[in-house]
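>>> Sequence and predicted structure, then a few things I'm wondering about:
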Number of protein chains: 2
Amino acid sequence: MRIGELSRRTGVAVPTIKYYVREGLLPAGSLTSPNQADYGEAHERRLRLIRGLLDVGGLSVSAVREVLAAVEDADRPVHKVLGAAQKSLTPPQGAGPEELAEAREAVAELVARRGWRVAPDGPPGEALAGALVTLRGLGHGGFEEVLDVYADACERIAAADLAYVRRAPDVERLVEGVVVGTVIGDAVLAALRRLAHTDASSRAYGGEAG
Amino acid sequence: MRIGELSRRTGVAVPTIKYYVREGLLPAGSLTSPNQADYGEAHERRLRLIRGLLDVGGLSVSAVREVLAAVEDADRPVHKVLGAAQKSLTPPQGAGPEELAEAREAVAELVARRGWRVAPDGPPGEALAGALVTLRGLGHGGFEEVLDVYADACERIAAADLAYVRRAPDVERLVEGVVVGTVIGDAVLAALRRLAHTDASSRAYGGEAG
C-alpha cells in the first residue's frame, strides 16, 4: 500500500510516519519508483506498536527505538532492555549515600523475604530504591508497610502475564507480547488501580460514584 | 534559610528552584531584603514533593502545577484532578468510533462485574478503554483475559492504600498522602511487577537471576 493508505488505516499523519522512518523506528517502504514506496502489513503492525508504546506506554522515541531493536534481536534479553528503557527512575538528586544505601537494603530484604530469584540491584530494583528514597524524604516512609500487599498482588499478576505470553505461536510474537504486556500492562494496571481507589473511597466515605 | 541552603538540603540546583517559583509550583520565599528571600520547612517539603512527582511519578510541570493546586484546595476532589493530571491516555488516533465504543463497553462490563461504585467513563475508565483499543489493534486482545486478575490485585492494593492514607493526622496530610500514594505508588507497583516478572520467568525457564 502507499503511505497515504498506511496513514488512513492507522490514523498516523504522513509526516509523522516519515519522521518514524528517519528516526529508525519504522523500516522504509520498498521503492516501486524513485518517488514512491510500498508499505505492507508488517509496517502497519509495527506502526501500531510504535504508537502504543509512545501514547499509552509513555515511552520516549529513543526508548521505543531501543525496545524495537530488542524485539527484532531474538538473542537480546528483553526484560533487561525494558528495564533500561523505562523512564529512568534515578534516585532523587538530594539523596545522600546513606539514604540510598538504606533504601537498597530494604529492596534486598524484600526480594529475600519474597524468595524472588532476582538481582535486587538491576534496573527495577534501583527504580524501587529510588521511589523509597523519595517516599522517605517526603515523610511517607510508612507507605512501605503496604509493600508486601503490592508484592503479593504483583506475584499473581506476573503469573497471569507469563501464562498469557507463553501462548504465543512463535518467538517473535512472544517477545512482542512481553513488550506489549509490560508497557501497555502498566497503563492498564494504573487505570484499574484508580478505579479501585475510587470504589474503595466511595465505600469508605459514602460518596457518590464519579 | 537562604535559597543556597534550600538547594543544599534538597539537591535541587538554585536556578531550578527559581524556575519552579516562576512556574508557580513553589511559593516565593519571604523577602528579608530587596535581594534576599527566606525559605522555610514548608518550602523544603514542597520542593521534595515537586521532585517526587516530576522524577519518580513522571508527571509534566503543568500536571504537577494542577496536582499541587488540588493539594492546597481542600474543596477540590483530588481523585478527579489526579485523573486529569495523569499523562493523558488518549485513545489511539486510528481508532474508529466502533472500536472505541466496544472498548468502553468492555470497561463498563468490567466495572459492573466487579461491583465497583465508579463511573466507567471518567478519566481512568477512558484511559483503560484507550489501552484496550491499543491492545486489540496490536492483535493482543487476548490480554483482556487477565483483566480480572489485575482487577483482583488492584482491589487488595486499594484497600491497603486507603488504610494507609486514613492514618493521616489531618486533611492536608491526607490529601498529600493520596497524591504521593497514587503517583509514587504507580512507580513502586511498576518496579515490583518487573521484579515479579523476572522471578516468574526465571522459574519457568530456569534462567539465572539477573
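Perfect, thanks for sending it.

>>> what's around residue A:24, how many residues?
12 (other C-beta atoms under 10 Å in any protein chain shown). The C-beta positions use only the backbone N, C-alpha and C, and glycine is treated the same way.

>>> And for it, nearest residue in space, chain neighbours not counted?
Leaving aside its sequence neighbours, residue A:24 sits nearest to residue A:65 (C-beta to C-beta, 6 or more residues apart in numbering or on different chains; 5.9 Å).

>>> Ok, residue A:150 next?
For residue A:150, the spatially nearest residue (C-beta to C-beta, 6+ apart) is residue B:192, at 5.3 Å.

>>> Look up how far chain B lies from the residue nearest to residue A:24.
In this view, residue A:65 and chain B are 18 Å apart by C-beta to the nearest C-beta, to the nearest Å.

>>> That residue - how many residues pack around it?
If we define neighbours as other C-beta under 10 Å, then residue A:65 has 16 of them.

>>> Wait, it touches residue A:22, no?
No. Residue A:65 sits out of contact with residue A:22 when judged by C-beta atoms under 8 Å, with a separation of 11.6 Å.

>>> Where does the residue positioned nearest the centre of chain A sit, in terms of helix or strand?
By C-alpha atoms, centre = their mean, chain A has its centre lying nearest to residue A:183, at 2.7 Å. Per DSSP states H and E, residue A:183 falls inside helix A:171-205.

>>> related to what we said a few turns ago, contact partners for the closest residue to the residue nearest to the centre of chain A other than its chain neighbours?
Excluding the flanking residues, the one nearest residue A:183 by C-beta to C-beta, 6+ apart is residue A:57, at 3.5 Å. Shown in contact with residue A:57 (C-beta atoms under 8 Å, 6 or more residues apart in numbering or on different chains): A:183-184, A:186-187.

>>> helices and strands of chain A: which one has the lowest mean pLDDT?
Ranking every helix and strand in chain A by mean pLDDT, DSSP states H and E puts helix A:78-85 at the bottom, with a mean of 59.

>>> Skip ahead from that helix and say which helix or strand is next.
Next along from helix A:78-85, by DSSP H and E: helix A:97-114.

>>> Who are the packing partners of that next one?
On a contact count with 3 or more C-beta pairs under 8 Å, 6 or more residues apart in numbering or on different chains; DSSP states H and E, helix A:97-114 meets helix A:123-137, helix A:147-165.

>>> so the shortest one versus helix A:147-165, what angle?
What separates the directions of helix A:123-137 and helix A:147-165 is an angle of 150 degrees, with axes from the mean of the first three to the mean of the last three C-alpha atoms, to 10 degrees.

>>> okay, helix A:123-137 in CSV with CA atoms only?
Provided in CSV are the C-alpha atoms of helix A:123-137 (Å, rounded to 0.1, in the frame of the first residue of the first chain):
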residue,chain,number,x,y,z
PRO,A,123,17.0,-1.6,36.9
PRO,A,124,13.7,-2.4,38.6
GLY,A,125,15.3,-2.8,42.0
GLU,A,126,17.1,0.5,41.5
ALA,A,127,13.8,2.1,40.5
LEU,A,128,12.2,0.8,43.6
ALA,A,129,15.0,2.0,45.8
GLY,A,130,14.7,5.5,44.2
ALA,A,131,11.0,5.5,44.9
LEU,A,132,11.6,4.5,48.5
VAL,A,133,14.1,7.4,49.0
THR,A,134,11.5,9.8,47.6
LEU,A,135,8.8,8.4,49.9
ARG,A,136,11.1,8.6,53.0
GLY,A,137,12.2,12.2,52.0
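
>>> Which neighbouring elements make contact with that helix?
For helix A:123-137, the packing partners by 3+ C-beta pairs under 8 Å, 6+ apart come out as helix A:78-85, helix A:97-114, helix B:41-51, helix B:171-205.

>>> where in chain A is pLDDT low?
Within chain A, the ranges that satisfy pLDDT under 70 run A:74-95, A:172, A:206-210.

>>> May I see the domains of it written out as residue ranges?
The record assigns chain A these domain ranges, following automatic domain parsing: A:3-81, A:89-144.

>>> just to revisit the earlier point, list the residues that contact the residue nearest to residue A:24.
So residue A:65 contacts A:23-25 (C-beta under 8 Å, 6+ apart).

>>> The residue nearest to the centre of chain A touches residue A:52, doesn't it?
Yes. If you go by C-beta under 8 Å, residue A:183 and residue A:52 touch, sitting 7.4 Å apart.

>>> Tell me how far the closest residue to residue A:152 other than its chain neighbours lies from residue A:124.
Spatial nearest neighbour of residue A:152, chain neighbours left out: residue B:156 (7.0 Å); criterion: C-beta to C-beta, 6+ apart. From residue B:156 over to residue A:124 the distance is 21 Å, taken as C-beta to C-beta, to the nearest Å.

>>> neighbour count winner among these two?
Legend: neighbour count by other C-beta under 10 Å for residue B:156 and residue A:124, higher for residue A:124 (26 against 16).

>>> what's the distance between the closest residue to the more buried one other than its chain neighbours and residue A:122?
Closest residue to residue A:124 apart from its sequence neighbours, by C-beta to C-beta, 6+ apart: residue B:194 at 3.5 Å. Separation of residue B:194 from residue A:122 (C-beta to C-beta): 8 Å.

>>> what about these two, which has more around it?
Between residue B:194 and residue A:122, counted using other C-beta under 10 Å, the more crowded position is residue B:194 (25 against 18).

>>> Would you check that that one makes contact with residue A:183?
No. Using C-beta under 8 Å, residue B:194 is not in contact with residue A:183; the gap is 11.1 Å.
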